[in-house]
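Make a model of this:
(one chain, ligands or ions: 1)
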Amino acid sequence: MLDRTDQEVLLTWYAEHGRSYPWRVTKDPYLVLIAAFMLQRTGVSQVMNVYPSFIARYPKFDALSRADPTELSSLLHALGRLNRLPQMLGLVKAIESEHGGTVPDTLEALDRLPGLGQYSARSVMCMAFGRPYIMLDPNSYRVANRAWGFLSAKARPHTDRSLITSLDAEVPEDDPRSFNLALLDIGSQICRQRKPRHDECPLAKRCKYLKEAHDGCAVCE
Ligand code: SF4
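Numbers count the residues shown, from 1 in each chain. Coordinates of the predicted model:
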């Protein structure tokens, strides 16, 4: 269970140390959705090779809905996954036919869109619409597990619905974006699976894992 201090530590840390990407500095639902779509099973550096030129070519949903599939295919090709074109065409078609060309603003509707996973739907709700949903991936789960003891018995904890519901309650309503992005950045850069950098971590003073590691430690006593 987090308290306001935990949340403030994360928000302050993110303001100073958070990584900056084009999709993090916009709240435009379409631009956020495109990033969420591309980031599925694809590394940030690979997406950075595609995203800027993609949104320059298709800055609005309307432009994307009229895109030439061959041109679209060559742009998406750089993401390195063969099924991206049919997935994107399916996504565009569903937004057009079911939502009048507007990115839906409920988790239920985003969850139903083809080509968009649960994590991506949550990231659109948080990043575009400012809703306090946890964006739980393996990195942010590792931080939540080590720092505060959140635990899942599932083989893929970041898909555990019960855990996700518990963590939703911990996201601050006043700045869910920075909170989630801080967890993701700390998990990928600092609280790494092997050799976590405790000395660089803003949560070190409050971290359960670190406290337990030092309990009974002769050096610390
Ligand atoms: S103090 Fe160490 S274990 Fe705890 S959250 Fe930070 S990096 Fe992870």
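
So which elements touch the longest helix seen in the chain?
Counting by DSSP state H, the longest helix found in the chain is helix 84-99. Secondary-structure packing of helix 84-99 (3 or more Cβ pairs under 8 Å, 6 or more residues apart in numbering; DSSP states H and E): helix 29-39, helix 61-65, helix 69-77, helix 107-112. Heads up, the C-betas are built off the backbone N, CA and C, glycines and all.

how much does it deviate in direction from helix 29-39?
150 degrees (axes from the mean of the first three to the mean of the last three Cα atoms, to 10 degrees).

List of residues touching helix 84-99?
Helix 84-99 has contacts (Cβ atoms under 8 Å, 6 or more residues apart in numbering) with 37, 61, 64-65, 69, 72-73, 76-77, 101-104, 109, 112-116.

Spell out which parts of this protein neighbour the ligand.
Neighbours of the ligand within the chain, by Cβ under 6 Å from any ligand atom: 143, 146-147, 190-191, 196-198, 201, 203-204, 207, 209-210.

and those residues, which are buried?
By neighbour count, with 16 or more other Cβ atoms under 10 Å, the residues of the chain next to the ligand hold 143, 146-147, 190-191, 196, 198, 201, 203-204, 207, 209-210 as buried.

So in the chain, where's the weakest helix or strand by average pLDDT?
In the chain, no helix or strand scores lower on mean pLDDT, DSSP states H and E than helix 208-214, which sits at a mean of 89.

buried sites along that one?
209, 210.

What of stretch 75-87?
The neighbour-count check on stretch 75-87 (16+ other Cβ under 10 Å) flags 75, 76, 79, 84, 85, 87 as buried.

Dump the buried ones among the residues of the chain next to the ligand into CSV; add secondary structure as well.
Below are these laid out as CSV (DSSP: H, G, I helix; E, B strand; the rest coil):
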residue, secondary structure
143, helix
146, helix
147, helix
190, helix
191, coil
196, coil
198, helix
201, coil
203, coil
204, helix
207, coil
209, helix
210, helix
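
Put together TSV for the residues you listed, with distance to residue 170 on each row.
Shown next, in TSV, are these (distance: Cβ to Cβ, whole Å):
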residue	distance to residue 170
143	12
146	15
147	11
190	19
191	16
196	21
198	22
201	18
203	13
204	19
207	15
209	17
210	19
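
Show me what the least confident helix or strand of the chain is packed up against.
Short answer (3+ Cβ pairs under 8 Å, 6+ apart): helix 208-214 packs on helix 138-148.

Contacts made by the helix it packs on with the rest, please.
1-2, 6, 134, 136, 150-152, 157-158, 163, 167, 180, 183-184, 186-188, 191, 193, 196, 203, 206-210.

Domain map for the chain?
4-18+133-214, 28-127 (automatic domain parsing).

now the longest one: mean pLDDT?
Per-residue pLDDT values across domain 28-127 average out to 96.

mind checking the end-to-end distance for it?
Distance across domain 28-127, first residue to last, is 9 Å (Cα to Cα, to the nearest Å).

Pick the one among the buried residues of stretch 75-87 closest to the ligand.
Distance to the ligand across those (Cβ to the nearest ligand atom) is lowest for residue 79, with 30.5 Å.
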